[in-house]
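Visitor: fold the following for me, if possible:
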Amino acid sequence: MLFGFTLLCLVGAVLTAAAEPKSYTLFHRLYSPTSPSASSSWSTRGSIEVGFDGPFATTADLQSVEKLSTFIESHSVQKDADSLYQVALVQGSQEASALPKSVIGFPGQVVAVRACLLDALIPGSYAFDVLGLTLSSNSSKAFVHSFNYDVVGITRGADGCPRLPIPRKGGSAGSKEVVTKVSLGAPEVVEAPRLRTPPRPRADGATGAEPPPKEKSFLEKYWYYILPVLVLLALPSDGGGGGEAPPASAGARRIR
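Guide: Now for the predicted structure:
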């Protein structure tokens with residue numbers, strides 16, 4: 001009885017720990033690959049609370065600290081053709097000033113898209129950005145395994161940037177607030193490769209596949225068609241039936 005009660009308490013503690021929401025902080029900046037020193041510093045974009053029902057995540061709430069529209073307007077001058085928009089996800093609470101400028105040794109995960117994609121996030125456009133969270137499949141450690149970021153709802157040109165002019169919805173231009181969607185997903189489980197059995201050794205002892213069978217000759221293929229024709233040609237032909245009748249014998253008498 002005591003063992004069963006203790007086991008129940010342990011299971012309840014594990015489920016309670018897994019059900020606690022996980023807090024993450026979202027940062028962003030403009031990064032210049034050609035001139036890293038000219039890149040902007042990290043700033044806090046918002047925080048994400050991922051709610052769990054047991055080992056499974058059910059909700060993800062994004063609370064914005066800095067509006068993306070404000071970030072786009074304040075950094076429009078710094079963008080160039082090679083600029084990247086970097087997004088970082090760090091578990092727990094973290095100050096932007098404490099983050100290193102280099103992604104080497106970064107305390108979280110960093111993804112990037114071309115900064116020109118932000119030009120499509122204008123008032124009234126069909127474009128919006130998506131933050132995808134991939135969750136761990138380990139039920140005892142519920143956390144965000146990885147994440148991705150993208151701007152969707154646009155037509156891209158050959159250079160990967162939005163094709164101009166950017167289409168807008170009819171009617172009012174709408175709010176200047178950028179719509180950000182958060183999606184939850186499970187990691188893709190890759191099936192283990194199936195091992196094939198090695199081929200059997202050939203009769204001649206050589207390795208590799210058996211050689212294809214030798215192609216049959218014309219006679220070997222069609223002898224059963226040719227044989228009846230040859231038999232018919234070999235049979236003697238019957239005499240003609242249109243000749244004169246043989247003369248009657250001398251001993252034959254005429255009957256009157």
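
Visitor: all helices of the stretch 151-256 of the chain, in order?
Guide: Counting by DSSP state H, counting those that start in this stretch, the stretch 151-256 of the chain has helices at residues 218-234.

Visitor: quick check: which ranges of it have low pLDDT?
Guide: 170-176, 207-208, 238-256 (pLDDT under 70).

Visitor: phi and psi next, for the residue nearest the centre of the chain.
Guide: Nearest residue to the geometric centre of the chain (C-alpha atoms, centre = their mean): Glu188, 9.6 Å. Listed backbone geometry of Glu188 is phi -80, psi 130, with angles given as degrees, to the nearest 10.

Visitor: give me every residue that touches it.
Guide: Glu188 is in contact with no residue at all, counting by C-beta atoms under 8 Å, 6 or more residues apart in numbering. C-beta: built from backbone N, CA, C; applies to glycine.

Visitor: for the protein, which segments count as strands?
Guide: Secondary structure of the chain (DSSP state E): strands at 22-31, 43-53, 56-64, 84-91, 109-114, 128-135, 144-152, 180-185.

Visitor: which of these sits closest to Tyr224?
Guide: Taking C-beta to C-beta, strand 180-185 is the member of the strands of the chain nearest to Tyr224, at 64.2 Å.

Visitor: what residues does the closest one touch?
Guide: Outside of strand 180-185, the residues within contact range by C-beta under 8 Å, 6+ apart are 48, 50, 57-58, 60-62, 64, 68, 128-135.

Visitor: strand partners (parallel or antiparallel) of that strand?
Guide: Strands that pair with strand 180-185, judged by DSSP bridges, come out as strand 128-135 (parallel).

Visitor: next one: Asp129 from Gln109, what distance?
Guide: Taken as C-beta to C-beta, to the nearest Å, the spacing of Asp129 relative to Gln109 amounts to 17 Å.

Visitor: more neighbours: these two, which one.
Guide: Neighbours per residue (other C-beta atoms under 10 Å) separate Asp129 from Gln109, with Asp129 holding more: 21 against 17.

Visitor: which residues does the more buried one contact?
Guide: 68, 121, 149-152, 178-181.

Visitor: swap in 10 Å and give it another go.
Guide: 68, 85, 87, 113, 117-118, 120-121, 149-153, 178-181 (C-beta atoms under 10 Å, 6 or more residues apart in numbering).

Visitor: Glu49 now?
Guide: Glu49 touches 21-24, 59-63, counting by C-beta under 10 Å, 6+ apart.
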